[in-house]
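> Show me how the following folds:
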Amino acid sequence: MHDRLKVFEEKMNKSYDAMLSDFSAIRAGRANPHVLDHIKVDYYGSPTPLQGVANITVPEARIIQIAPWDKKMVKDIEKAILTSDLGINPNNDGSVIRLVFPELTEERRKDLAKDVKKLGEGCKVAIRNIRRDGMELVKKLQKNGEISEDEQTNDETDIQELTDKMIKMVDKAVETKNKEIMTV
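The predicted model follows:
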């Protein structure tokens, strides 16, 4: 692949990585500490990621335990979790917070699977938009005489092959995440 096309590959990879990051926040009945990645807690006046103020562990399959380094942070962390979109009530014993994840119902699993599919489709749209931008650049370069028709054809082929590869990766990631969600 030509250097002038690397930027499009990087953009497609960023879209893919963003989708995977979104997937990690979707809980599948098992406790996954990544569901807490988006939660910020007020730490001496500045919003700080939860991982920056506490030790997060998974002692059992459906429990996340949060042990703040500063015990005064327990209430703030509890409040941050309650106001987040996590949908789990934290249990607080004064020094640690436990999040107990309930078993997912069949209906909830299907809803989550739909969400995953939607995220996958959004990622594919982003990848196709990047492909379009790449194709337009190549056409413009050829029209301006900066590259030959052969180079244009080769670049367009490279962009299409990259797009196809990325779409396959998205489909595989969606399928894998849905298997994880639907596994009881």
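
> What's the local residue count around Lys165?
Neighbours of Lys165 under the rule other Cβ atoms under 10 Å: 13. In this view, the C-beta of every residue, glycine as well, is placed from N, C-alpha and C.

> helix, strand or coil for it?
Assigned with DSSP: H, G, I helix; E, B strand; the rest coil, Lys165 falls in the helix class.

> could you pull out the helices for the protein?
Counting by DSSP state H, the chain has these helices, from start to end: 3-24, 74-83, 106-143, 149-182.

> any chance of these in a markdown table, plus distance to Val35?
Output for these, formatted as a markdown table (distance: least, Cβ to Cβ, whole Å):
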| stretch | distance to Val35 |
| --- | --- |
| helix 3-24 | 8 |
| helix 74-83 | 10 |
| helix 106-143 | 12 |
| helix 149-182 | 13 |
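
> which residues sit in contact with the residue nearest the centre of the chain?
Nearest to the mean C-alpha position of the chain, by Cα atoms, centre = their mean, lies Ser21 at 1.7 Å. Residues near Ser21 by Cβ atoms under 8 Å, 6 or more residues apart in numbering: Asp37.

> rerun at 10 Å
Ser21 sits next to 34, 37-38 when contact means Cβ atoms under 10 Å, 6 or more residues apart in numbering.

> Same check on Leu141?
With contact taken as Cβ under 10 Å, 6+ apart, Leu141 is in contact with 4, 147-148, 151-152, 155.

> now do Gln142
Contacts of Gln142 (Cβ under 10 Å, 6+ apart): 148-153, 155-156.

> Thank you, goodbye.
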